[in-house]
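curious how this folds, go ahead:
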Amino acid sequence: MSETLTREKANELLHKYVKADHYIVHMYAVEAIMRGLAERLAPEDVEYWGIVGLLHDLDEETCDWKNDMSTHGPVSGDILRKEGYDDQVLIDAICAHNPESGGSDERIRESRCPDLSG
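The predicted structure follows:
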């Protein structure tokens with residue numbers, strides 16, 4: 001069974017897997033942007049979408065994205081699963097920010113944002 005990922009645990013994972021300050025600052029900025037968007041589009045899920053933004057580059061220093069961009073996103077999913085968080089929507093959302101990763105934004109809209117899936 002997958003554990004629920006809290007903002008506190010997400011921040012711990014961020015600092016466990018990402019060391020460069022410029023990546024960490026970027027990930028906090030994306031978290032803030034995602035929270036702002038969620039306030040308008042999915043107000044009941046602001047915390048969730050903030051976590052997506054916070055962890056969207058979790059694999060930045062772990063995967064070999066410079067040689068194979070398709071690894072950026074799926075490796076974050078592998079990290080999250082290894083850490084006990086098997087939330088496929090979260091993983092799909094992280095993958096969806098990189099078109100080469102094969103992430104599905106349609107599944108995200110259907111499961112977390114039904115009002116946006118048309």
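
please count neighbours and contacts with C-alpha atoms only from this point.
Will do.

for this protein, which spans come out with low pLDDT?
Across the chain, residues meeting the criterion (pLDDT under 70) sit at 1-2, 68, 99-118.

ok, now with 80
Low-confidence segments of the chain, defined by pLDDT under 80, are located at 1-2, 64-72, 98-118.

and the longest helix for it?
Among the elements of type helix in the chain, defined by DSSP state H, the one spanning the most residues is helix 21-41.

what residues of it count as buried?
By neighbour count, with 16 or more other C-alpha atoms under 10 Å as the criterion, the buried positions of helix 21-41 are 23-24, 27-28, 30-36, 38.

work out the gap between that helix and the centre of the chain.
A distance of 11 Å separates the centroid of the chain from that of helix 21-41, by C-alpha atoms, centre = their mean, to the nearest Å.

may I have that helix exported as PDB, CA atoms only?
Extracted as PDB, the C-alpha positions of helix 21-41 are listed here (Å, rounded to 0.1, in the frame of the first residue of the first chain):
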ATOM      1  CA  ASP A  21      20.800  25.300  -4.700                       C
ATOM      2  CA  HIS A  22      19.800  26.500  -8.100                       C
ATOM      3  CA  TYR A  23      17.600  23.400  -8.700                       C
ATOM      4  CA  ILE A  24      16.100  23.600  -5.200                       C
ATOM      5  CA  VAL A  25      15.200  27.300  -5.700                       C
ATOM      6  CA  HIS A  26      13.700  26.400  -9.100                       C
ATOM      7  CA  MET A  27      11.600  23.600  -7.600                       C
ATOM      8  CA  TYR A  28      10.300  25.900  -4.800                       C
ATOM      9  CA  ALA A  29       9.300  28.400  -7.500                       C
ATOM     10  CA  VAL A  30       7.500  25.800  -9.500                       C
ATOM     11  CA  GLU A  31       5.700  24.700  -6.300                       C
ATOM     12  CA  ALA A  32       4.500  28.200  -5.700                       C
ATOM     13  CA  ILE A  33       3.300  28.500  -9.300                       C
ATOM     14  CA  MET A  34       1.500  25.200  -9.100                       C
ATOM     15  CA  ARG A  35      -0.200  26.200  -5.800                       C
ATOM     16  CA  GLY A  36      -1.400  29.400  -7.400                       C
ATOM     17  CA  LEU A  37      -2.800  27.600 -10.400                       C
ATOM     18  CA  ALA A  38      -4.500  25.100  -8.200                       C
ATOM     19  CA  GLU A  39      -6.100  27.800  -6.100                       C
ATOM     20  CA  ARG A  40      -8.000  28.900  -9.200                       C
ATOM     21  CA  LEU A  41      -8.400  25.500 -11.000                       C
END
